[in-house]
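In: Generate coordinates for the sequence data below:
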Amino acid sequence: MQTVWYVLGALVFFALIMLSIALHEIGHLIPAKLFKVKVTEYFVGFGKTLWKRRIGSTDYGVKALPLGGYVRLVGMYPPAPGETRVKASGSNFFQQIAEDARAYEWEEITPEDDGTLFYQKPVWQRLIIMAGGVTMNLLLAFLLFLGVTAIAGVARPTLTVASVSECVIPASRTDQTCQPGDPRTPAAAMGVQAGDVIVSFNGRHPADWDQLSTMIRDNLSAPATLVVERGGQTLSLPTAPTVTTGVASRVDPGHNVEAGFLGVSPKVEVQRGGPVAVLKDMWTMTEQSAYALVSFPVNVWHTAVGLVTGQPRDIYGPVSVVGASRVAGEVVTTNQLSSANKVAVVAQLLGSVNLFVALFNIVPLPPLDGGHVAGALWDGLRRVAARLRSRATPPPFDTTKLLPLSWAVTAFVVVAGLVLVVADLVAPVRLF
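Out: Below you'll find the model as predicted:
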């Protein structure tokens, strides 16, 4: 029965990801329709068409391979400079490919479509259309996180000390128990006790654990003075230097960085919050996701090497939609969480997926949304420059020139996706 729930949980979560993708494309579709851009297709998935229905001039449907979706906006490729129509001829390989792509799109464009083509729209409208998908994912992430934070609450570290580490253990040592010769932690030397509430660190009053953690990290090996509240009394503890050692990176928790270490663990409490708390959490996750995006190619390579050599998966490494769905199935079947907490964790996981999808699409490379936004901005800058120089308005930027780059990015995404899917099937990340 547990296997049934695992599979059901994974499939439902996968369907929710597909719904998120469908809504991402709705984010493009709605403003495109409002600005009267000709839209011929709205599909979830790729490959063979399983179902479709035509409404107006648009085909809506589902395709066989549920790994994405798209909206076809007519007029993404403008005519070549000096041409009102398209001629499929070029002087070199890349130019020929570009002209073939342009000619293919223009096969269904008629004179009646004049004014409804994407490239003809003002820059601000093109920016809104292309940013609509990212905006939709950010909104979904915000609503999911807000629902969890406001209703169930989020476990947060507080300024109350839960435990004090007795010794400083080198980050490179796998055995995390104290051994003879290990130095005492600064907190133990100061006399910090479990139950103490930290009031100030070097005369500064932290508002929460995150601020205190930043103060400790930045202190490195400098002297530190703590003021704590204990048994209703405020005590100033003896001064002792913090220790510079390897601690988990905030943007990449799977790796250690050199930072100050005190040796206390905070008491964790479930706290409810509103939009401000959610936005703060999303900013922290955005910083972590941005770092993950920058290191994504390297991490995919490490995943591929680990898959071949049999190395264990990094729980902080990248996963595919298959891997995320398997994690959801694992959450559904664990006995370490209550039913309410399972719903909250799955909602947070779906929110994280939407946030990552939004940030991934912001990357200013075609065919991602950020690449189209960058192209529209470049078009706008060219027009502003021409106006300032009292010159004629330049023709629309020829986006077919970016096709080789677009194909390279697409090829990388496909290969990376296949590597991660295989890794998630053969050596999945496990939380419990």
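
In: Show me where the stretch 1-150 of the chain has its helices.
Out: With DSSP state H, counting those that start in this stretch as the definition, the stretch 1-150 of the chain shows helices at residue ranges 2-34, 93-106, 123-147.

In: from those, which stretch is densest packed?
Out: Greatest average neighbour count among the helices of the stretch 1-150 of the chain goes to helix 123-147 (a mean of 21), per mean count of other C-beta atoms under 10 Å. All C-beta atoms are positioned from the backbone trio N, CA, C, and that covers glycine.

In: Which strands or helices does it pack on?
Out: Where contact means 3 or more C-beta pairs under 8 Å, 6 or more residues apart in numbering; DSSP states H and E, helix 123-147 is packed against helix 2-34, helix 275-294, helix 339-362, helix 369-388.

In: avg pLDDT for that helix?
Out: Here the mean pLDDT over helix 123-147 is 97, rounded to a whole number.

In: next one: that helix to chain centre, how far?
Out: Remark: helix 123-147 is offset 13 Å from the chain centroid, using C-alpha atoms, centre = their mean, to the nearest Å.

In: before we move on, what about stretch 325-334?
Out: A distance of 20 Å separates the centroid of the chain from that of stretch 325-334, by C-alpha atoms, centre = their mean.

In: Now do the buried residues in that stretch.
Out: Taking 16 or more other C-beta atoms under 10 Å as the neighbour-count basis, stretch 325-334 is seen to contain the buried residues 325, 326, 327, 328, 329, 330, 331, 332, 333.

In: hang on, the earlier thing: could the helices and strands packed on helix 123-147 be laid out in JSON lines, adding distance to residue 261?
Out: Rendered in JSON lines, the data for those read as follows (distance: least, C-beta to C-beta, whole Å):
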{"stretch": "helix 2-34", "distance to residue 261": "38"}
{"stretch": "helix 275-294", "distance to residue 261": "21"}
{"stretch": "helix 339-362", "distance to residue 261": "28"}
{"stretch": "helix 369-388", "distance to residue 261": "39"}
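
In: Show me the strands in the stretch 51-200 of the chain, by range?
Out: Using DSSP state E, counting those that start in this stretch, the strands of the stretch 51-200 of the chain run over residues 58-73, 154-164, 197-201.

In: about what we covered before: in TSV: the buried residues of stretch 325-334, plus secondary structure.
Out: Compiled in TSV, the buried residues of stretch 325-334 are given as follows (DSSP: H, G, I helix; E, B strand; the rest coil):
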residue	secondary structure
325	helix
326	helix
327	helix
328	helix
329	helix
330	helix
331	helix
332	helix
333	helix
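
In: Return the member of the residues you listed nearest to residue 177.
Out: For residue 177, the nearest member of these is residue 330. The distance, counting by C-beta to C-beta, is 28.8 Å.

In: tell me the pLDDT at that closest one?
Out: Looking at residue 330, its pLDDT stands at 93.
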